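**Student:** Fold the following and give me the result.
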Amino acid sequence: MDSDERVVEAAGRLYAIDAQDFTALRTELAAAARQAGDRVAAKLIVALRKPSRSASVVNRLVAAEPETAHRLSELGDALRTAQRTLATAELRDLGKQRRFVVDTLAARAFQIASVTAPAPALREEVVGTLNAALADPVLCNQVAQGRLLQSLQWEGFGSGGRPDLSLVPNTVLTVEPSSPEAAPPSAEPEPAPARPPERPGTSLRERRDAALRARQEAADRTRQQAAEKLAQGRANAERERRRRDLEQARRVAAETDEAARRATKAVRERDGHVRQLEADLRRLGDELAGARRQAAEAASELGLITEKQRQAQERMGRLQD
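**Tutor:** Residues are numbered from 1 along each chain as shown. Prediction:
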């Protein structure tokens, strides 16, 4: 395992656990990297920052249920489409659906984090992060990676175009900027497009529609970029999963081969022992047969001696008479 793989695996474990256990596990993983001789990975693991309580709750939700980000992305796209077409009734229905989805995901997140009675501030930050992911595909991509350090904040769906969004200070991803899975933490949000020049006689509605189209085009570009990054991140994650599965399969195969080798050696040793016992048994059988023959011969000889003794006693008796 190289340094990058070790750090990615460590980050996956660290940001999927309770924030209270973060420091202890980070120390353990860094020590394991140093023990393996990987000082580069050890330094990078130590540099991984502990998430806030609310960020940890959202990270654990995404780790346990990766489809969460997909649900948020789909609903957010539907809301932006309805807003772009000024479909009031649809916006109203989608707004109800948004509240239901956010409340459901927040409840599930607290359940996964074993938080039975979340404090109002904690609940507000978790709900705010989920709403921010709904509002902007870039933030949804960050949530999907499960590497948030702090909560996200969102001011609400605006009157048109891309909503006003703000990140809590130092809200960054832990993946290096060069990684295709994450946007650079220092990147500034895309500036709002300049308002088109007003023409004499242009009505207020026309100006508003022109500004709305310009903002929507910028939002569409941002969504496209975020979708590409999200797809790339998912592809990278899938390749990483397949690589880990292949490594595990190879490791299991090697362990199985070693176990088979040891079992074959043990069987051969037992077979040799059995053959030795069989040889000893045959030798003892031969010795027993020889002993039995000797016993039979001794018994026969004893019978002859007894008969001779009887005959001698009879002669002695006759001579005495």
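**Student:** low-scoring stretches of the stretch 201-321 of the chain, by residue?
**Tutor:** Residues of the stretch 201-321 of the chain meeting the criterion pLDDT under 70: 201-205, 207-209, 211-212, 219, 226.
**Student:** how does it look with 80?
**Tutor:** 201-231, 233-235, 237, 249, 252-253, 256, 321 (pLDDT under 80).
**Student:** So, low pLDDT: which residues of the stretch 1-150 of the chain?
**Tutor:** Ranges of the stretch 1-150 of the chain meeting pLDDT under 80: 1, 79-94.
**Student:** Swap in 90 and give it another go.
**Tutor:** 1-5, 66-101, 133-140, 142 (pLDDT under 90).
**Student:** residue ranges of the strands in this structure, please?
**Tutor:** Secondary structure of the chain by DSSP state E: the strands cover 152-154, 165-167.
**Student:** buried sites along stretch 249-257?
**Tutor:** By neighbour count on 16 or more other Cβ atoms under 10 Å, the buried set for stretch 249-257 is empty. All C-beta atoms are positioned from the backbone trio N, CA, C, and that covers glycine.
**Student:** meant to ask about stretch 15-27, not that
**Tutor:** For stretch 15-27, burial by neighbour count (16+ other Cβ under 10 Å) applies to 15, 16, 17, 19, 22, 26.
**Student:** repeat for stretch 59-78
**Tutor:** So stretch 59-78, judged by 16+ other Cβ under 10 Å, has buried residues 59-63, 68-69, 71-73, 75-76, 78.
**Student:** what do you get for stretch 32-48?
**Tutor:** Those would be 33, 38, 41, 42, 44, 45, 48, for stretch 32-48 by 16+ other Cβ under 10 Å.
**Student:** follow-up on the earlier one: least reliable of the strands of the chain going by mean pLDDT?
**Tutor:** Note on the strands of the chain: strand 165-167 shows the lowest mean pLDDT, a mean of 36.
**Student:** Can you tell me which of the buried residues of stretch 59-78 is closest to residue 149?
**Tutor:** Relative to residue 149, the closest of the buried residues of stretch 59-78 is residue 59; by Cβ to Cβ it sits at 9.2 Å.
**Student:** residues in contact with the closest one?
**Tutor:** Contact partners of residue 59, counting by Cβ atoms under 8 Å, 6 or more residues apart in numbering, are 15, 16, 51, 146, 147, 148.
**Student:** What of residue 315?
**Tutor:** Residue 315 neighbours (Cβ under 8 Å, 6+ apart): none.
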